[in-house]
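Colleague: I would like to see how this sequence folds:
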Amino acid sequence: MSVIEGKAYPLGLKNVDTDMIIAADWLKTISRSGLGVGAFEALRQDPDNVFDNPAYAGAPIVIAGDNFGCGSSREHAAWAMLDMGIRAVIAPSFSDIYSSNAFKNGILTVVLPQEAVDRLLEVAQTDPIHVDLDSQTVTTPFQDRFTFEIDPFRKQCLINGLDEIGLTLTSDAHIASYEKKVASERPWVSGEKSHESLAV
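Modeller: Below you'll find the model as predicted:
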């Protein structure tokens, strides 16, 4: 992930909790795929909802209000949004747990002041939004430019597409070297020698 550009769902609602993102009925699965159809199910009962509006079909960005992702710690909320094709959420603030789950699943959470969010909600009605993670900016075709902060570690993980397993694999050579050393120096730890062979 470096650049995310396209239409944005102008949601704008405050205090969107994880139950609103994906209802409890959908939590029986441990699969990450297929949850997009259940995302924002309650909101989609309204025929005029933004998620089913053809004008925003396939939008990779959501623009929301304060305290997005509050409520329970269910990781399914991030899974459902990712399954919808969402790659970034822009809001004045986020629940810490949701923000962490989003990051671990490759979704960028962008914190901007309410004034900037209001402007983006306006632009999203007609035009695309451009999010550049490298420069940490959100821009519009109308010369709007908003900068955001992000933890450097999270930034590099998102740019390089690294989740926790991916991060571990970047140290594969060091891990293999350590395991080889342990096998040589302490074979009883590594399992290289059986308990019987060590018995006196």
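Colleague: so, low pLDDT: which residues of this structure?
Modeller: 162-182, 189-200 (pLDDT under 70).
Colleague: so it: which segments form each domain?
Modeller: 3-161, 170-200 (automatic domain parsing).
Colleague: give me whichever of those is most buried.
Modeller: The highest average neighbour count among those, using mean count of other C-beta atoms under 10 Å, belongs to domain 3-161 at a mean of 18. Every C-beta, even on glycine, is put in place using the N, C-alpha and C of the backbone.
Colleague: in this structure, mark out all the strands, start to finish.
Modeller: 3-6, 8-10, 61-63, 88-91, 108-111, 129-132, 137-139, 145-147 (DSSP state E).
Colleague: grab the most central residue of the chain for me.
Modeller: Taking C-alpha atoms, centre = their mean as the criterion, residue 107 is the residue nearest the geometric centre of the chain, at 2.2 Å.
Colleague: these two touch, right, it and residue 81?
Modeller: Yes: with contact defined as C-beta atoms under 8 Å, residue 107 reaches residue 81; the gap is 6.3 Å.
Colleague: what sits in contact with each of these two?
Modeller: Common contacts of residue 107 and residue 81 (C-beta atoms under 8 Å, 6 or more residues apart in numbering): residue 89.
Colleague: surely residue 139 touches residue 128?
Modeller: No: taking C-beta under 8 Å as the definition, residue 139 is not a contact partner of residue 128, at 10.0 Å.
Colleague: wait, residue 147 sits on residue 133?
Modeller: No: the pair residue 147 / residue 133 is not scored as a contact, 11.8 Å apart, by C-beta under 8 Å.
Colleague: any chance you could map the helices in the chain?
Modeller: Secondary structure of the chain (DSSP state H): helices at 18-21, 76-84, 96-104, 114-124, 152-160, 164-169, 172-185, 187-190, 195-198.
Colleague: now do the fifth one against helix 96-104, angle only.
Modeller: So that's helix 152-160. Orientation check (axes from the mean of the first three to the mean of the last three C-alpha atoms, to 10 degrees): helix 152-160 against helix 96-104 gives 40 degrees.
Colleague: helix 152-160 packs against which elements?
Modeller: Judged by 3 or more C-beta pairs under 8 Å, 6 or more residues apart in numbering; DSSP states H and E, helix 152-160 is in contact with helix 96-104, helix 164-169.
Colleague: how about the CA coordinates for that helix, as PDB?
Modeller: The C-alpha trace of helix 152-160 is given here as PDB (Å, rounded to 0.1, in the frame of the first residue of the first chain):
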ATOM      1  CA  PRO A 152       6.600   5.000  11.400                       C
ATOM      2  CA  PHE A 153       6.500   1.300  12.200                       C
ATOM      3  CA  ARG A 154       2.900   1.000  11.000                       C
ATOM      4  CA  LYS A 155       3.600   3.100   7.900                       C
ATOM      5  CA  GLN A 156       6.500   0.800   6.800                       C
ATOM      6  CA  CYS A 157       4.400  -2.400   7.500                       C
ATOM      7  CA  LEU A 158       1.500  -1.000   5.300                       C
ATOM      8  CA  ILE A 159       3.800   0.200   2.500                       C
ATOM      9  CA  ASN A 160       5.600  -3.200   2.400                       C
END
